[in-house]
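Q: Need coordinates for the following:
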Amino acid sequence: MAVNDKQKRYLRGLAHPIKPVVMIGNKGLTDTVLAEIDKALEHHELIKVRVSGLEKADRTAMCNDIALKTSSNLIMIIGHIGGFYRPAKE
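A: Got it, this is the predicted structure:
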């Protein structure tokens with residue numbers, strides 16, 4: 001499901017007080033991390049992920065890759081934190 005700009009703005013507001021659920025470290029985006037992100041999206045729908053130790057372009061590319069591999073929408077990237085939304089299947 002594609003999210004329009006108005007919905008993104010609303011979801012960014014909801015995501016603001018949320019703490020990052022998953023932290024990506026030096027090993028980068030592994031299958032285990034992707035599985036954890038997928039499980040968190042299934043449970044919460046709206047999550048934040050902290051990506052540490054990369055340049056801005058690399059963080060953006062990694063966040064886009066996460067959104068693509070988890071079939072979620074990238075809501076925001078602020079500093080080292082990316083916000084993702086995927087509606088529940090039910």
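Q: now the helices for the protein?
A: In the chain, the segments counted as helices under DSSP state H are 5-15, 31-44, 56-70.
Q: Rebuild those as CSV, extending it with mean pLDDT.
A: Shown next, in CSV, are these (pLDDT from 0 to 100):
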stretch, mean pLDDT
helix 5-15, 95
helix 31-44, 96
helix 56-70, 95
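Q: Can you tell me how far residue 55 is from residue 62?
A: Distance of residue 55 to residue 62, computed by Cβ to Cβ, to the nearest Å: 10 Å. Heads up, the C-betas are built off the backbone N, CA and C, glycines and all.
Q: When these two are compared, which one has more neighbours?
A: With neighbours defined as other Cβ atoms under 10 Å, residue 55 and residue 62 compare such that residue 62 has more, 18 against 8.
Q: Could you check the pLDDT of residue 1?
A: Among the per-residue scores, residue 1 holds a pLDDT of 68.
Q: Buried residues, stretch 18-27. List them.
A: 20, 21, 22, 24 (16 or more other Cβ atoms under 10 Å).
Q: residues contacting the nearest residue to the last one once chain neighbours are set aside?
A: What it means is residue 24. The spatially closest residue to residue 24, leaving aside those adjacent along the chain, is residue 51, at 4.8 Å (Cβ to Cβ, 6 or more residues apart in numbering). Contact analysis of residue 51 by Cβ atoms under 8 Å, 6 or more residues apart in numbering lists 24, 59, 62, 63, 80, 81, 82.
Q: Thanks a lot, see you next time.
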